[in-house]
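Student: Next come a sequence and a model predicted from it.
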Amino acid sequence: MAKGHRSQIKRERNAQKDTRPSAKLSYARVSVQKACFVLDAIRGKDVDTALGIVMYNPRYASTLIEKLLKSAIANAENNNGMNRSNLYVAECYANKGPTMKRIRPRAQGRAYRIEKRMSHITIVLDEK
């Protein structure tokens, strides 16, 4: 292996990375299905419209996604120097996280399994 080979590979990998501002929430205590209801509503919208949608959405996932969207907007303004008025939600998705397994006692010595699901939510912004 030639000297500097690993650093050359790292440089190439970093050049291929997506430079769009994003924010990620790991281990959110909401199922993927419930988070996707809110994410589908804001996908492709400009950030002010998306904030209005999540602010007045009654679902629990919308409070988590509102904080995440505000974080992504702050990342875009402070780290990338982007103007807020030109931003829109380019990508937003929820991936499956680990599931907490619990037991609920039932009659006659039986037990039902309760699954408390988690998700990893990601929001990626872009300029128009």
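Tutor: Okay, I see it.

Student: what residues does the strand ranked longest in the chain touch?
Tutor: If you go by DSSP state E, the chain has its longest strand at strand 87-105. With contacts defined as C-beta atoms under 8 Å, 6 or more residues apart in numbering, strand 87-105 is touched by 20, 26-28, 32, 35-36, 39, 42-47, 50, 65, 69, 73, 76, 111-128. Yep, even glycine has a C-beta here, placed from its N, CA and C like the rest.

Student: Show me which of these are buried.
Tutor: Among the contacts of strand 87-105, those scoring as buried are 20, 28, 32, 35-36, 39, 42-43, 46-47, 50, 65, 69, 73, 76, 117-126 (criterion: 16 or more other C-beta atoms under 10 Å).

Student: Inside strands: which ones of those?
Tutor: Residues of the buried ones among the contacts of strand 87-105 located in strands (DSSP E): 28, 117-126.

Student: so Glu115 sits in a strand?
Tutor: Yes: per DSSP: H, G, I helix; E, B strand; the rest coil, Glu115 lies within a strand segment.

Student: So the nearest residue to it once chain neighbours are set aside versus Arg29, what's the distance?
Tutor: Take Glu115 and drop its neighbours on the chain: the residue closest to it by C-beta to C-beta, 6 or more residues apart in numbering is Thr99, 5.1 Å away. According to C-beta to C-beta, to the nearest Å, Thr99 and Arg29 sit 11 Å apart.

Student: Identify the contacts common to those two.
Tutor: 116, 118.

Student: quick one: what helix or strand has Lys53 in it?
Tutor: You called it Lys, but residue 53 is Ile. helix 47-55 (DSSP states H and E).

Student: one step back: turn the ones in strands among the buried ones among the contacts of strand 87-105 into a markdown table, including pLDDT and distance to Asn95.
Tutor: Listed next are those as a markdown table, based on pLDDT from 0 to 100; distance: C-beta to C-beta, whole Å:
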| residue | pLDDT | distance to Asn95 |
| --- | --- | --- |
| Ala28 | 97 | 10 |
| Arg117 | 96 | 12 |
| Met118 | 97 | 10 |
| Ser119 | 97 | 6 |
| His120 | 97 | 5 |
| Ile121 | 97 | 8 |
| Thr122 | 96 | 7 |
| Ile123 | 96 | 13 |
| Val124 | 95 | 13 |
| Leu125 | 95 | 18 |
| Asp126 | 93 | 20 |
